[in-house]
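Chemist: task: produce atomic coordinates for the following.
(one chain, ligands or ions: 1)
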Amino acid sequence: MRAVDAAPSPRYGYLGPEGTFCEMALTRWLATDHHRAQAGDATPVPVPCSSVVGALAALRAGELDAAMVPIENSVEGGVTATLDALSVGDELVIVGEVLVPVTFVLAARPGTTLADVTAVGTHSHAWAQVRGWMDAHLPGATYVPTLSTAAAAAGLGGGRGPAADAAPYDASVSAAGAATRHGLSVLADDIGDNRGAVTRFVLVSRPGRTPAPTGSDKTSVVLFQRDDHPGGLLELLEQFATRGVNMTRLESRPTGAAMGSYCFTIDFEGHVTDERVGETLMGLRRVCAQVRWLGSYPAADGVPTPPRAGTAEADFVAARDWLAALRSSATR
Ligand SMILES: O=C(O)C(=O)Cc1ccccc1
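Modeler: Model prediction:
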């Protein structure tokens, strides 16, 4: 009898090293991905990546099967590296989202006091969320950007090894777990300026299977306008408004082609298989030069906005059936 090779475990990338908020998002995803568990699929292996762009490039190259990346923060807004990497290049799709509350600690090698700290290393999104605390408690400190919050903690390395001497900062801002993992002492905890800050992470994969509609879904798109004209943005927004589709995020990003050339990255409620989402996408397709569909996936935060009169799914289905009946009688 010949042994049947077990399917290799899928590889899920995340912004590493271990101890990032991104790793927390992936851990949560894996713990609650009941669909995969029920299907009996192999448990994915988390693969730390040094940047969001690198993780998405590895996914495009087939070295990863999915990647968990930060896309939006409730205080700092969109994560531009992610938005831009999803907007160009081979198509990728979002298959899920995870919301992670973010709380930060200031940590340093044991023996360091707050008075000793002259430079602080962390991810740019973390720095933006602790700026007020820094102004109040470490007004003279220099900011040193690192690839992630956990990379900043790892750079201090708890005073062990060459990395400890190499770090051009003497304290890091990270999740508490990353500080502990690297043997650092916490100088101050919960230093975020906004209590209740949340980061939204998305699980991205190569195009293929779209998650089935759940009744509480989101769809993401990137819209490229045909030309710049008065009311151009209004024309895009009308496509959503007339179909009663609720947008949950709208950002403009430079396309990089020329000064003043922008695309719009938009999340909205609904699934590509919903009639009203289909009609919205067709409207956008007519008025835009290009519509990049970034996927439809279950919303992490549940309750969809109640539809206005005439814009419920049943209204769209009834209108479509009415037109189909008219057309069939017209051609009989
Ligand atoms: O660096 C991390 O830990 C990340 O996952 C990126 C990030 C940084 C700050 C807030 C949320 C996510």
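Chemist: and the host helix or strand of residue 221, what does it pack onto?
Modeler: Secondary structure assigned from DSSP states H and E places residue 221 in strand 217-225. Packing partners of strand 217-225 (3 or more CB pairs under 8 Å, 6 or more residues apart in numbering; DSSP states H and E): helix 232-241, strand 262-269, helix 275-287, strand 288-298. Every residue, glycine included, has its C-beta placed from N, CA and C.
Chemist: of the ones you listed, which approaches the ligand most closely?
Modeler: Minimum separation from the ligand across these (CB to the nearest ligand atom) falls at strand 262-269, 17.7 Å.
Chemist: which residues sit in contact with residue 242?
Modeler: Neighbour list for residue 242: residue 283 [criterion: CB atoms under 8 Å, 6 or more residues apart in numbering].
Chemist: please state the backbone phi and psi of it?
Modeler: Dihedral pair for residue 242: phi -70, psi -20, per degrees, to the nearest 10.
Chemist: kindly report the residues of this structure close to the ligand.
Modeler: 15, 20-22, 70, 73, 102, 123, 125-126, 148-150, 199 (CB under 6 Å from any ligand atom).
Chemist: can I get these in TSV including distance to residue 205 and secondary structure?
Modeler: TSV is the format used below for the residues of the chain next to the ligand (distance: CB to CB, whole Å; DSSP: H, G, I helix; E, B strand; the rest coil):
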residue	distance to residue 205	secondary structure
15	16	strand
20	20	coil
21	20	helix
22	16	helix
70	16	strand
73	23	strand
102	24	coil
123	24	coil
125	23	helix
126	27	helix
148	22	coil
149	25	helix
150	24	helix
199	20	strand
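Chemist: picking up where we left off before, residues in contact with the strand holding residue 221?
Modeler: The contact list for strand 217-225 (CB under 8 Å, 6+ apart) reads 86-87, 94, 97, 211, 232, 236, 248, 255, 262-272, 274, 277, 281, 284, 288-299.
Chemist: sorry, back to before: mind checking which of the helices and strands packed on strand 217-225 is nearest residue 205?
Modeler: Closest approach to residue 205 among those (CB to CB): strand 288-298, 8.6 Å.
Chemist: same for that closest one, what does it pack against?
Modeler: Checking 3+ CB pairs under 8 Å, 6+ apart, strand 288-298 ends up next to strand 93-101, strand 217-225, helix 275-287.
Chemist: most tightly packed of the ones you listed?
Modeler: strand 217-225 (a mean of 22; mean count of other CB atoms under 10 Å).
Chemist: convert that strand to PDB, retaining C-alpha atoms only.
Modeler: These are the backbone C-alpha positions of strand 217-225, laid out as PDB (Å, rounded to 0.1, in the frame of the first residue of the first chain):
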ATOM      1  CA  ASP A 217     -20.700  41.600   4.200                       C
ATOM      2  CA  LYS A 218     -18.400  44.200   2.800                       C
ATOM      3  CA  THR A 219     -17.100  44.900  -0.700                       C
ATOM      4  CA  SER A 220     -13.900  46.800  -1.500                       C
ATOM      5  CA  VAL A 221     -13.100  48.500  -4.800                       C
ATOM      6  CA  VAL A 222     -10.500  50.900  -6.200                       C
ATOM      7  CA  LEU A 223     -12.000  53.400  -8.800                       C
ATOM      8  CA  PHE A 224      -9.900  55.100 -11.500                       C
ATOM      9  CA  GLN A 225     -11.700  58.100 -13.100                       C
END
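Chemist: which parts of the helix with the most length in the chain are buried?
Modeler: Criterion DSSP state H: the longest helix present in the chain is helix 313-331. Within helix 313-331, the residues that count as buried by 16 or more other CB atoms under 10 Å are 315, 316.
Chemist: same for that helix, what does it pack against?
Modeler: With contacts taken as 3+ CB pairs under 8 Å, 6+ apart, helix 313-331 sits against helix 275-287.
Chemist: and the contacts of the helix it packs on?
Modeler: 219, 221, 223, 226, 235-236, 238-240, 242-245, 268, 270-272, 291, 293, 296, 311, 313, 316-317, 320.
Chemist: what's near enough to touch residue 189?
Modeler: Taking CB under 8 Å, 6+ apart, we find residue 189 in contact with 103, 105, 106, 176.
Chemist: so where do the helices sit in the stretch 51-200 of the chain?
Modeler: Using DSSP state H, counting those that start in this stretch, the helices found in the stretch 51-200 of the chain span residues 52-60, 80-87, 124-137, 149-156, 162-166, 176-181.
Chemist: output those helices as a markdown table; include the columns mean pLDDT.
Modeler: A markdown table is the format used below for the helices of the stretch 51-200 of the chain (pLDDT from 0 to 100):
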| stretch | mean pLDDT |
| --- | --- |
| helix 52-60 | 98 |
| helix 80-87 | 95 |
| helix 124-137 | 96 |
| helix 149-156 | 96 |
| helix 162-166 | 55 |
| helix 176-181 | 96 |
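Chemist: no more questions from me, cheers.
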